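> Give me coordinates for this.
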Amino acid sequence: MNNRLLVISSLAALGFLSASALAMDVQATFNELDKDSNGTLSEAEAGEDAVLHENFSQIDTNQDGQLSLNEFKKFIQ
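Numbering: from 1, shown residues only. Okay, the predicted model is just below:
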């Protein structure tokens, strides 16, 4: 999983993914991490990815202890 997030971020930064392809892949990655399928990522779920885990508090902009899809997208893009 760590490699998938890094690849998505790298390809997006380099401009190799179209906006629609990036959106689909970001959604798929989020869904894969969302083990309980509740629409948010807990810190434990985010812990499966080192980058998300290390940056969890900065990504969680509303400080509710969960990452929404919007917070996740803003971090990736």
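> So what does L41 look like in phi/psi?
phi -110, psi 120 (degrees, to the nearest 10).
> Same question for S42.
Dihedral pair for S42: phi -80, psi 170, per degrees, to the nearest 10.
> And the pLDDT for the closest residue to it other than its chain neighbours?
Using CB to CB, 6 or more residues apart in numbering and skipping the chain neighbours, the partner closest in space to S42 is Q66 (6.1 Å). Backbone N, C-alpha and C define where each C-beta goes, glycine included. Looking at Q66, its pLDDT reads 97.
> count of residues packed around Q66?
17 (other CB atoms under 10 Å).
> Pretty sure I59 is one of the things it touches, is it not?
No. The criterion here is CB atoms under 8 Å, and Q66 misses it with I59 at 10.3 Å.
> Show the residue spans covered by the strands in the protein.
40-42, 66-68 (DSSP state E).
> Redo the ones you listed as JSON lines? Include distance to A28.
Shown next, in JSON lines, are the strands of the chain (distance: least, CB to CB, whole Å):
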{"stretch": "strand 40-42", "distance to A28": "14"}
{"stretch": "strand 66-68", "distance to A28": "16"}
